[in-house]
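J.: What follows is a protein structure lacking sequence information:
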């Protein structure tokens, strides 16, 4: 194989590898951000339940509320 053809194939391989790394890094960032948002969402849901339903305290029926809300 001529040297020029070998260099082109090698360059294409490097380009493909670099593109794959960019895609993988972007995918990892998206997953990380989505997980962070889900944690924040669940924390805020718990905060709302505690402040609006349980009035910042504990309630005897608190466990029933959580079970009912999760089914809905």
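T.: It's in. All values derive from a computational prediction rather than experimental measurement. Numbers count the residues shown, from 1 in each chain.
J.: on contacts alone, who are the packing partners of the helix ranked longest in the chain?
T.: If you go by DSSP state H, the chain has its longest helix at helix 3-48. Packed against helix 3-48, as judged by 3 or more Cβ pairs under 8 Å, 6 or more residues apart in numbering; DSSP states H and E, are no other helices or strands. (Each C-beta comes from the backbone N, C-alpha and C, glycine too.)
J.: What mean pLDDT does that helix get?
T.: When pLDDT is averaged over helix 3-48, the result is 91.
J.: Check the offset of it from the chain's centre.
T.: 12 Å (Cα atoms, centre = their mean, to the nearest Å).
J.: buried ones in stretch 13-25?
T.: Along stretch 13-25, not one residue counts as buried under the neighbour rule (16 or more other Cβ atoms under 10 Å).
J.: all numbers from here: first residue = 130
T.: All right, first residue 130 from here; so that's stretch 142-154.
J.: how many neighbours does residue 167 have?
T.: The burial count assigned to residue 167 is 10, neighbours taken as other Cβ atoms under 10 Å.
J.: Repeat that for residue 162.
T.: Neighbour number of residue 162 under other Cβ under 10 Å is 10.
J.: can you check residue 179 too?
T.: Residue 179 has 15 neighbours, counted by other Cβ under 10 Å.
J.: now it: how far from residue 154?
T.: Distance, residue 179 to residue 154, using Cβ to Cβ, to the nearest Å: 38 Å.
J.: ok, now how distant is residue 175 from residue 198?
T.: Per Cβ to Cβ, residue 175 is found 11 Å from residue 198.
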